[in-house]
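Visitor: Build the 3D model from these lines:
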Amino acid sequence: MPSLTTVDGLTLEYHEWGTERRGERPPVVLQHGFIAGTQWNWVVTGVVDALVAAERHVVALDARGHGGSAAPHEPTFYGEAKM
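Guide: So this is what the prediction gives:
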């Protein structure tokens, strides 16, 4: 999976679908809820498939401590401002 590195050094994973549509319209950006990740909020529920079927480019980020993103144990890596 593609990833990015935050200013405080964490690796966050993101996912893309419908990349052949990139640039045609603004992408649909999905952010999961509090306890799940991209897979459980958007893939398993069929949301991603529906958006791709509607010919959209979809981008979803796994937040810190979720999905494939880094999950450090130190509390300094979390909090409202960092999430």
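Visitor: Give me the nearest residue to the spatially most central residue of the chain, chain neighbours excluded.
Guide: The chain has Leu61 as the residue nearest its centroid, 1.4 Å off, counting by Cα atoms, centre = their mean. Closest residue to Leu61 apart from its sequence neighbours, by Cβ to Cβ, 6 or more residues apart in numbering: Tyr14 at 4.6 Å. C-betas here are computed from N, CA, C, even on glycine.
Visitor: The one you found falls within a helix, correct?
Guide: No - Tyr14 is assigned strand when assessed by DSSP: H, G, I helix; E, B strand; the rest coil, not a helix.
Visitor: Touching, it and Thr5? I think so.
Guide: No - contact criterion Cβ atoms under 8 Å: Tyr14 and Thr5 do not qualify, at 11.7 Å.
Visitor: Have a look at the two and say which one is more surrounded.
Guide: Remark: of Tyr14 and Thr5, Tyr14 carries more neighbours, 17 against 10, as counted by other Cβ atoms under 10 Å.
Visitor: any residues touching the top helix by length along the chain, and which ones?
Guide: Secondary structure of the chain per DSSP state H: the longest helix is helix 47-53. With contact meaning Cβ atoms under 8 Å, 6 or more residues apart in numbering, helix 47-53 is reached by 17-18, 28, 30, 41-43, 58, 60.
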